[in-house]
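*Asks:* Structure for this input, please:
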Amino acid sequence: MSDVKLIPYKTEQILDSSSIVPEGVEMIEAPSMWDSASKGKGNIVAVIDTGCQLDHPDLQDRIIGGKNFTTDYNNDENNFSDNNGHGTHVAGTIAASQTGSGVTGVAPESNLLILKVLSGEGRGKMDWIIDAINYATNWKGTEGEEVRVISMSLGGPSDIPELHEAIQYAVNQGVSVVCAAGNEGDGQARTDEYAYPGAYNEVIQVGAIDFNRNIAPFTNTNDEIDLVAPGVNILSTYIDGKYARLSGTSMATPHISGALSLLVNITETQFNRRLTEPEIYAQLIRRTIPLGKSSQAEGNGLLNLTLVDKLDNLLNTFTKNWNEHSSLQHMYVKN
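*Replies:* Below is the predicted model of the structure:
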C-alpha cells in the first residue's frame, strides 16, 4: 500500500509573537458568527496530520486527546506532539483559543483530537491514515462526545480502495471529512490534478485563494472541488510556541473544518435536532459566493459564513418596502 505525504506547502515567515485575528479567519467572516455559534463549543474536530504542539499557549486548552500512529517517538502512541510544524499550524486555524494575544482560530472554543499520522519528515503509511480515520469515527469522549469533523491536509497520487472505504464509513456515521485539494496545480483550470483522499466525492475538497480572491496558482483543479478558502500567506500557530505564515491548500482546509464546527451549532439550534452529514454539507454550500472562476477551480465559490444572514436581511428589507408600496397603491386606488 502506497505512502502518503504532506501536500507540499510554502513557509512564508516565522514569528515569535502575534496579536491579531488572522486575515483568513476574518475573510470568511467567522468572528461575526461566534456569538450565535458559541464559538464552536461542544464540537470536536479530529486533525489527522503531523501532530500538534501540546503546550502551545493558544492550543493547550483546546486539545481533548490524541494518538500517535507513526513510528516517531519509539512508537509511543501516547506521544502525538508535533515534530514538523504543519499540524500545529492547521490546528491553530481551526481552533486557536481567543486569549487576547497570539492568534484566534475559526472556531476558538471547539476541541481538537490530535491524530499523528505523519512523521517529522512529513511522510506516513496509508495504513496509519486509514486507522486514524476509523479511530476518529469511532472515538467517544468521557462524556459521550463524538467527532463531528475530520480535517486532513495530506494526500497521495493513488486511489486506495481501503482509504475510500474508511472515508465512506466516516461520512455514513455523520462525520464531515474535509481534505486539501493539493498543490500540484499548473495554473490552468481546464487541466485536472487529483490527490487522494481529496478527490473522493464523499469528502469536502478545498482549494485555495489569496486575499485578493484570486485562485492560488498552485491549487489543484478538478471536477470534485467543493469550495475555496484563504490559503496564501496564512498566519497561525507554529511549533516552539511561535507563529508562522504558510501557503498551500493545507492552509485553506482548516478554515472549512473550523467553519463546520460553527455551522453545526448554528443550524442544529435552528432545526432543534442533529443534522446528517449531507444536511451539514448543504448548509455549508449555502454560504458560498461564486468568484466568477471555473467550477473546476472554485467549486461552489468562497465560503462566507454570514451570507445567509445577509440575504435574510435583504429579503426582509425588500418585503417591508414592497408591503409599504402595496399599501400606498391600495390607498391611492381606494381614494
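
*Asks:* So which residues of the stretch 51-200 of the chain form helices?
*Replies:* Under the criterion DSSP state H, counting those that start in this stretch, helices of the stretch 51-200 of the chain are mapped to 72-75, 86-95, 126-138, 161-172.

*Asks:* Kindly present those as TSV, with separate columns for mean neighbour count.
*Replies:* For every residue, glycine as well, the C-beta is placed using N, CA and C. Below are these laid out as TSV (neighbours: other Cβ atoms under 10 Å):
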stretch	mean neighbour count
helix 72-75	14
helix 86-95	31
helix 126-138	21
helix 161-172	17
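
*Asks:* Indicate which one of the ones you listed is closest to residue 258.
*Replies:* Checking the helices of the stretch 51-200 of the chain against residue 258 by Cβ to Cβ gives helix 86-95 as the closest, at 4.2 Å.

*Asks:* Please save the CA atoms from the closest one in CSV.
*Replies:* What follows is helix 86-95, C-alpha atoms only, in CSV (Å, rounded to 0.1, in the frame of the first residue of the first chain):
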residue,chain,number,x,y,z
HIS,A,86,2.4,21.6,9.8
GLY,A,87,-0.1,20.0,12.2
THR,A,88,0.3,22.8,14.7
HIS,A,89,-0.4,25.4,12.0
VAL,A,90,-3.5,23.5,10.8
ALA,A,91,-4.8,23.1,14.4
GLY,A,92,-4.4,26.8,15.1
THR,A,93,-6.5,27.9,12.1
ILE,A,94,-9.3,25.6,13.3
ALA,A,95,-9.5,26.4,17.0
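
*Asks:* which secondary structure elements does that helix contact?
*Replies:* If contacts are counted by 3 or more Cβ pairs under 8 Å, 6 or more residues apart in numbering; DSSP states H and E, helix 86-95 sits against strand 44-49, strand 111-116, strand 234-238, strand 242-247, helix 249-271.

*Asks:* Quick check: the gap between the residue lying closest to residue 223 once chain neighbours are set aside and residue 153.
*Replies:* Closest residue to residue 223 apart from its sequence neighbours, by Cβ to Cβ, 6 or more residues apart in numbering: residue 296 at 5.8 Å. Distance, residue 296 to residue 153, by Cβ to Cβ, to the nearest Å: 20 Å.

*Asks:* who has more neighbours, the two?
*Replies:* residue 153 (31 against 19; other Cβ atoms under 10 Å).

*Asks:* what's around the nearest residue to that one once chain neighbours are set aside, how many residues?
*Replies:* Leaving aside its sequence neighbours, residue 153 sits nearest to residue 250 (Cβ to Cβ, 6+ apart; 3.5 Å). For residue 250, the neighbour count with other Cβ under 10 Å is 31.

*Asks:* pLDDT at residue 250, what is it?
*Replies:* Per-residue pLDDT puts residue 250 at 96.

*Asks:* returning to what we had before: where does the residue nearest to residue 223 land in three-state SS?
*Replies:* helix (DSSP: H, G, I helix; E, B strand; the rest coil).

*Asks:* Show me the domain layout of the chain.
*Replies:* 3-304, 307-334 (the TED database).

*Asks:* ok, of the ones you listed, where does mean pLDDT dip lowest?
*Replies:* Among the domains of the chain, domain 307-334 carries the lowest mean pLDDT, at a mean of 61.

*Asks:* picking that back up, residues contacting the residue nearest to residue 153?
*Replies:* 6-7, 9, 86, 89-90, 153-154, 180, 183, 231 (Cβ atoms under 8 Å, 6 or more residues apart in numbering).

*Asks:* one more time with 7 Å, if that's ok
*Replies:* 7, 9, 86, 90, 153, 180 (Cβ atoms under 7 Å, 6 or more residues apart in numbering).

*Asks:* quick one: residue 41 from residue 142, how far?
*Replies:* From residue 41 over to residue 142 (counting by Cβ to Cβ), the distance is 17 Å.

*Asks:* for residue 301, same thing?
*Replies:* From residue 301 to residue 142 the distance is 40 Å (Cβ to Cβ).

*Asks:* For those two, indicate the residue with more neighbours.
*Replies:* A count of neighbours by other Cβ under 10 Å puts residue 301 above the other of residue 301 and residue 142, at 21 against 7.

*Asks:* Quick one: residues contacting that one.
*Replies:* When contacts are counted by Cβ under 7 Å, 6+ apart, residue 301 touches 227-228, 288-291.

*Asks:* Please apply the same query to residue 145.
*Replies:* Contacts for residue 145 (Cβ under 7 Å, 6+ apart) come out as residue 44.
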